[in-house]
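# make a model of this:
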Amino acid sequence: MAWWTLFIAGLFEVAWAIGLKYTDGFTRLVPSVATLAAMVVSVLLLGMAVKNLPVGTAYAVWTGIGAAGTVALGIVLFNEPSDLPRILCIMAIITGIIGLKVVSPD
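Here you go, the predicted structure:
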C-alpha cells in the first residue's frame, strides 16, 4: 500500500509542477488554488508513504516520478523538445525508480 501511496504522491507532484505553468506566476486564481492543493496532497501522501518506506528511497522515487512525468508532459502539452538525449534521460530516471523499487526491503 505504501508504494501505491508514493506513486499517487508522485502523480500529484507532476500535477503541481505542470500547474505552475498555468498559474502565470500565481496571478490566476483557479490554477493557483489547484496547484497549491496538489502540492499539499503530494507532500501529505509522501509523508504517509515514509511511515513504511525508507525516507531516502521514497524521496528519490517521488522526485523521480515528478521529474520524469513533468518532462514528459512538458513535451506533450508545451511542445518542449523531445530529442533523443531528453528521452534517454527520462528513461534513465524511470530505470532508477524501478531499480529502487526492486532493491527496496519493503
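# where exactly do the helices run in this structure?
Ranges of helices in the chain, per DSSP state H, are 2-23, 29-49, 55-78, 84-103.
# okay, now the unreliable bits of this protein?
106 (pLDDT under 70).
# cutoff 80 now
Across the chain, the ranges flagged by pLDDT under 80 are 105-106.
# any chance of TSV for the helices of the chain, columns mean neighbour count?
Glycine gets a C-beta too; all of them are placed from N, C-alpha and C. Converted to TSV, these look like this (neighbours: other CB atoms under 10 Å):
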stretch	mean neighbour count
helix 2-23	19
helix 29-49	17
helix 55-78	18
helix 84-103	13
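# most remote residue from the middle of this protein, which is it?
Of all residues in the chain, Thr27 has its C-alpha farthest from the mean position, at 23.4 Å, by CA atoms, centre = their mean.
# now the residue nearest to Ala9 when sequence neighbours are not counted: how far from Gly74?
Closest residue to Ala9 apart from its sequence neighbours, by CB to CB, 6 or more residues apart in numbering: Leu45 at 3.5 Å. Look at Leu45 and Gly74: by CB to CB, to the nearest Å, they are 22 Å apart.
# excluding sequence neighbours, find me the nearest residue to Ile65.
Gly10 (2.7 Å).
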